[in-house]
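Asker: sequence plus the predicted model coming up.
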Amino acid sequence: MRKILIMLVLLAYAASAYEIQGLVNDYADILGAEKGEIESRLAAMKEAGVAEFAVVTVPSLEGRDVEGYAFGLAEGVLGDKEKDNGLLLLIAVEDRKWRFEVGRGLEPVLPDIIVGRIGREYLTPHFREGNYGKGVLEGVKIVEELLGGAELPPEPEPSVFAAIVFIGLIGFFMLFVFVSIVAQAAYNLRKGKKRASDGWFWLWLLAWGAFLHRHDARGGRGGFGGGAGSKKTLTKNHQTHRMSRLRSRSSFLKKAIIGRVKWRTKKSV
């Protein structure tokens, strides 16, 4: 019995070891000199009633899903009940993952596609260099500007080389599918089968759809931003909100990437 009690105490401590105790919770100790400016900007947003924006850094998710981890941190903690304006940025260093949790009151300004771009364009480039504090500060600045009525600059157009490579991949894939179907049809004819190639046709059609879906979802059209409702009304709205999002194809595509973005730290020369 005593061992069970000790285990329960340890589990309870582990579950609450990382929690939101303020606007900046740097448990991974990665924000460095930028921490003070980050905190002052977050405090200004809260004081103005624009948003209650908290940043949490942890060493590791310890095997847990980043979405569930962020939701557990933010639930019932962030955001005004009426405005539903809670916002969380979670960074897990060892897992190399980040995630935004956006209250429903902020979703018109910070939908999934926008927070995805913020992550890709303002967080990840600095994270790859190990400059976590600078990345978070840049992300906080752009969020502050967006909540003040500014707009993100247009996404840069892909380079000519990237476009050529992409078109080449599509052409190669279509040629591969065509040759495979023709070869299978010829084989079936030799074996006296008339309809067996239909299965291959639908299989390749499905693979092609998956290929296009992957590239359509690129660029943070999903994921963790705009996700789970305001933090004080989070529990009540979470399930309904998730189900409604799954009914929409665009929202489903948005859930594909954001918040699960990984970065590779560059090796020192």
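Answerer: Great, that's in hand. Numbering: from 1, shown residues only.
Asker: all helices of the stretch 1-150 of the chain, in order?
Answerer: Ranges of helices within the stretch 1-150 of the chain are 2-16, 35-47, 66-74, 112-118, 124-128, 132-147, based on DSSP state H, counting those that start in this stretch.
Asker: if the closest residue in space to D26 that isn't next to it in sequence is in a bridge, with which residues?
Answerer: Using CB to CB, 6 or more residues apart in numbering and skipping the chain neighbours, the partner closest in space to D26 is T57 (5.1 Å). To be clear about C-beta, it is placed using only N, CA and C from the backbone, and glycine gets the same treatment. Applying DSSP bridges to T57 gives these bridge partners: D26, I91.
Asker: hang on, the earlier thing: mean pLDDT and mean neighbour count added to the helices of the stretch 1-150 of the chain, as a markdown table?
Answerer: Below are the helices of the stretch 1-150 of the chain laid out as a markdown table (pLDDT from 0 to 100; neighbours: other CB atoms under 10 Å):
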| stretch | mean pLDDT | mean neighbour count |
| --- | --- | --- |
| helix 2-16 | 47 | 9 |
| helix 35-47 | 96 | 16 |
| helix 66-74 | 89 | 20 |
| helix 112-118 | 91 | 25 |
| helix 124-128 | 93 | 18 |
| helix 132-147 | 95 | 20 |
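Asker: returning to what we had before: wait, isn't the residue nearest to D26 in contact with G32?
Answerer: No. With contacts counted by CB atoms under 8 Å, T57 stays clear of G32, the gap being 11.1 Å.
Asker: okay, these two: which has more neighbours?
Answerer: T57 (22 against 14; other CB atoms under 10 Å).
Asker: who's in contact with the residue nearest to D26?
Answerer: Contact analysis of T57 by CB atoms under 8 Å, 6 or more residues apart in numbering lists N25, D26, Y27, A28, D29, I30, L31, L90, I91, A92, V93, Y132.
Asker: can we see that at 6 Å?
Answerer: The contact partners of T57, by CB atoms under 6 Å, 6 or more residues apart in numbering, come to D26, Y27, A28, I30, I91.
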